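Engineer: turn this into a structure:
(one chain, ligands or ions: 2)
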Amino acid sequence: MRASDLSLTVIDGLAQAGHRLQGLFTPSLRLGVTGLARSGKTVFITALIRNLTQGGRLPFFAASADGRLLSADLEPQPDDNVPRFDYEAHAAALASDPALWPESTRRVSEVRIALSFLSAHPLRRALGVRRLNLDIVDYPGEWLLDLGMLGESYATWSRDALERARGMAGGKATLDWLAFVSQRDPGAPEDEQAALEGARLFTDHLAAARAQSTVATLGPGRFLMPGDLEGSPLLTFFPLDLAESAPIQRGSLAAMMARRYDSYLAHVVRPFFREHFSRLDRQIVLVDVLGALNGGAETTLELERALASVLKAFRPGAASWLAGLVGGRRIDRLLFAATKADHIHHTSHDRLEAILGLLTRRAAERAGTAGAETHVMALAALRATREAQVRDGGMMLPCIVGVPLPGETVDGQVFDGRREAAIFPGDLPQDPSTVLSGAAPFAATFPRFRPPRLPPVRASGERQAAPHIRLDRALDFLLGDWLQ
Ligand SMILES: Nc1nc2c(ncn2[C@@H]2O[C@H](COP(=O)(O)OP(=O)(O)OP(=O)(O)O)[C@@H](O)[C@H]2O)c(=O)[nH]1
Ligand SMILES: [Mg+2]
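Structural biologist: Numbering: from 1, shown residues only. Ligands and ions are numbered 1, 2, ... in the order given. Predicted coordinates for the structure are as follows:
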């Protein structure tokens, strides 16, 4: 036997052994798609599945561009107690006429995408086709806010919640709740009726504040999106006006509230964190920066605060109270993405990235010191607009063109959901700090657009991908090294 025959036999043997081993053990990568409510998680996951399974145009996702990504198929999700992500329903909504965005998520769900690929390295490629399972969890963004409660006592949480409610330009619901709290003596004996009434008024206040704001930053999340906890006693607590130094008396209303707060953490927040977040390998944090800018400097500061509190729980690699829960896995790559970048002209994308970079800097610094690679990017998972130059007097304005959703208004013009419109979204400020200081209030408003209508996926093998902006770069950052 010649040397080259021998090496071929060895490679052949290795390939067979490798194939058998792969059947037994396919590595899995758990990707966390994190973000506050309406930040774009469900759309991101839907567009990701669509582009992977339908051979989307992904020129900056190396495995796909090099032709090494052979297939991507949905497989049963790994955890039998978690429902499957309803990709088919979201795809059907996008295929309907008119096309619809997915609805707000009400429960947790999970999806596994089985990828098969060829290695980029000739020697490893000789071992044959390799496989990777990509696991992703979707959940209601409201629940994310609760992670910030994990390190807080009932007393601290109460003080913070009251301070924020008092600082709001309160509507009736907020005023009613604050009036109720001001009449409660935390030292009074525990009282179930007061607990029920207070929790109801507190929930109304949260819902009203949520409806007013362009970003969701107030929790507890289950008060707004209860899921299977609708009507549960776990949701019957509210913040009380506690004096800084006074201890909580046994048998008092305050003790009752503190006990229920702790139960909420133990039975709702910790299990949610443990089951869905503590096992992540990679994380993309989606941030609706444009939505916050729409709300003004105060909303943008609120967003920064909410992000900071959430990211405390994700300190990649840091030794913290989390260390015991994290169970050995460490997030080694973290991507912050400003979503819905198709609302602005591409010439403003770097400014959008700069604003997000500033918003997340403190968190990114923490992650950086702990060794995770972080990156900031502006993207649109599902592009709903195109760009055009529109003449305005003697000037050419860089505009975006799309169909605003019914009822959306720009400059007093109300849209009907059918007509296309060219909109000049304005320039984002060059100095990102001005959006936080309010020094140069950003005046533009971004209407919500109708999604592009995506034809239904057919069994015939005809490929039906979806338009996006930089989804491929995000995939390359998040998965690229696992597909080498
Ligand atoms: N133009 C545009 N709009 C988007 C894009 N992604 C999301 N949106 C808009 O943002 C809304 C919310 O997106 P979702 O994906 O449902 O947000 P989510 O984070 O899953 O929200 P919850 O389920 O409530 O936590 C959508 O209904 C769209 O209006 C995008 O890429 N482009
Ligand atoms: Mg969702």
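
Engineer: point out where the chain drops to low pLDDT.
Structural biologist: Scanning the chain for pLDDT under 70 picks out 1-24, 314-329, 362-372, 440-444, 458-463.

Engineer: that one against ligand 1: which residues are in contact?
Structural biologist: Counting by Cβ under 6 Å from any ligand atom, the chain comes close to ligand 1 at 35, 37-43, 101-102, 104-105, 140-141, 339-340, 342-343, 380-382, 384, 448-449. Glycine gets a C-beta too; all of them are placed from N, C-alpha and C.

Engineer: for the stretch 1-150 of the chain, what spans make up the helices?
Structural biologist: 3-24, 41-53, 62-65, 87-95, 122-125 (DSSP state H, counting those that start in this stretch).

Engineer: and the stretch 351-484 of the chain, by the same measure?
Structural biologist: 361-369, 433-437, 471-479.

Engineer: about what we covered before: can you go through the residues of the chain next to ligand 1 and name the buried ones?
Structural biologist: 35, 37-43, 101-102, 105, 140-141, 339-340, 342-343, 380-382, 384, 448-449 (16 or more other Cβ atoms under 10 Å).

Engineer: quick one: end-to-end length of stretch 87-101, please.
Structural biologist: Across stretch 87-101, the terminal residues are separated by 12 Å (Cα to Cα, to the nearest Å).

Engineer: in that stretch, which residues are buried?
Structural biologist: For stretch 87-101, the neighbour count (16+ other Cβ under 10 Å) marks 87, 90-91, 93-94, 99-101 as buried.

Engineer: same thing with stretch 173-181?
Structural biologist: Quick answer for stretch 173-181 (16+ other Cβ under 10 Å): 173-174, 177-178, 180-181.

Engineer: check contacts around the residue of the stretch 351-484 of the chain found nearest ligand 2.
Structural biologist: Residue of the stretch 351-484 of the chain nearest ligand 2, by Cβ to the ion: residue 381 (11.7 Å). By Cβ atoms under 8 Å, 6 or more residues apart in numbering, the contact set of residue 381 is 40, 43-44, 46-48, 339, 468, 471.

Engineer: how about 10 Å then?
Structural biologist: Applying Cβ atoms under 10 Å, 6 or more residues apart in numbering, we find residue 381 in contact with 33, 40-48, 50-51, 286, 337, 339-342, 466-471, 474.

Engineer: before we move on, back to that, looking at the buried residues of stretch 87-101, which is nearest ligand 1?
Structural biologist: Closest approach to ligand 1 among those (Cβ to the nearest ligand atom): residue 101, at 3.3 Å.

Engineer: neighbours of the closest residue to the closest one other than its chain neighbours, how many?
Structural biologist: Take residue 101 and drop its neighbours on the chain: the residue closest to it by Cβ to Cβ, 6 or more residues apart in numbering is residue 451, 5.4 Å away. Look at residue 451: counted by other Cβ atoms under 10 Å, it has 24 neighbours.

Engineer: and the gap between residue 451 and residue 94?
Structural biologist: To residue 94, residue 451 is 6 Å away according to Cβ to Cβ, to the nearest Å.

Engineer: repeat that for residue 239.
Structural biologist: Taken as Cβ to Cβ, the span from residue 239 to residue 94 is 41 Å.

Engineer: give me phi/psi at the residue of the stretch 351-484 of the chain closest to ligand 2?
Structural biologist: Dihedral pair for residue 381: phi -70, psi -40, per degrees, to the nearest 10.

Engineer: cool, and residue 284?
Structural biologist: With angles defined as degrees, to the nearest 10, residue 284 sits at phi -110, psi 130.

Engineer: residues near it, how many?
Structural biologist: Applying other Cβ under 10 Å, we find 26 residues neighbouring residue 284.

Engineer: quick one, what contacts it?
Structural biologist: Residues near residue 284 by Cβ under 10 Å, 6+ apart: 31-35, 41, 44, 48, 136, 333-337, 339, 375, 377, 379, 474-475, 477-478.

Engineer: residue boundaries of the strands in the stretch 151-300 of the chain?
Structural biologist: Ranges of strands within the stretch 151-300 of the chain are 282-287, based on DSSP state E, counting those that start in this stretch.

Engineer: can you give me the helices for it?
Structural biologist: Counting by DSSP H, counting those that start in this stretch, the helices of the stretch 151-300 of the chain are 154-167, 172-182, 192-212, 221-224, 253-264, 270-272, 289-295, 297-312.

Engineer: now the ones you listed as TSV including distance to ligand 2?
Structural biologist: Formatted as TSV, the helices of the stretch 151-300 of the chain follow (distance: least, Cβ to the ion, whole Å):
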stretch	distance to ligand 2
helix 154-167	25
helix 172-182	25
helix 192-212	15
helix 221-224	13
helix 253-264	22
helix 270-272	15
helix 289-295	14
helix 297-312	16
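
Engineer: nearest to residue 410, out of these?
Structural biologist: helix 289-295 (11.6 Å; Cβ to Cβ).

Engineer: list the buried residues in that closest one.
Structural biologist: Across helix 289-295, burial judged by 16+ other Cβ under 10 Å covers 289-295.

Engineer: same question, stretch 123-140
Structural biologist: Residues of stretch 123-140 classed as buried: 126-132, 134-140 (neighbour count, 16+ other Cβ under 10 Å).

Engineer: just curious, which of the residues you listed is nearest to residue 311?
Structural biologist: Nearest member of the buried residues of stretch 123-140 to residue 311, counting by Cβ to Cβ, is residue 139, at 16.7 Å.

Engineer: my guess is the closest one contacts residue 227, does it?
Structural biologist: Yes. Counting by Cβ atoms under 10 Å, residue 139 touches residue 227, with 9.0 Å between them.

Engineer: common neighbours of the two, please.
Structural biologist: Both residue 139 and residue 227 are in contact with 105-108, 221, 272, where contact means Cβ under 10 Å, 6+ apart.

Engineer: please look at the residue nearest to residue 101 and residue 50 and confirm they touch.
Structural biologist: No. Taking Cβ under 10 Å as the definition, residue 451 is not a contact partner of residue 50, at 11.6 Å.

Engineer: need the residues touching each of these two.
Structural biologist: Contact criterion Cβ under 10 Å, 6+ apart; residues shared by residue 451 and residue 50: 94, 382, 466.

Engineer: so what's residue 389 up against?
Structural biologist: 345, 395-399, 422.

Engineer: what about it, distance to residue 402?
Structural biologist: Distance of residue 389 to residue 402, given as Cβ to Cβ: 16 Å.
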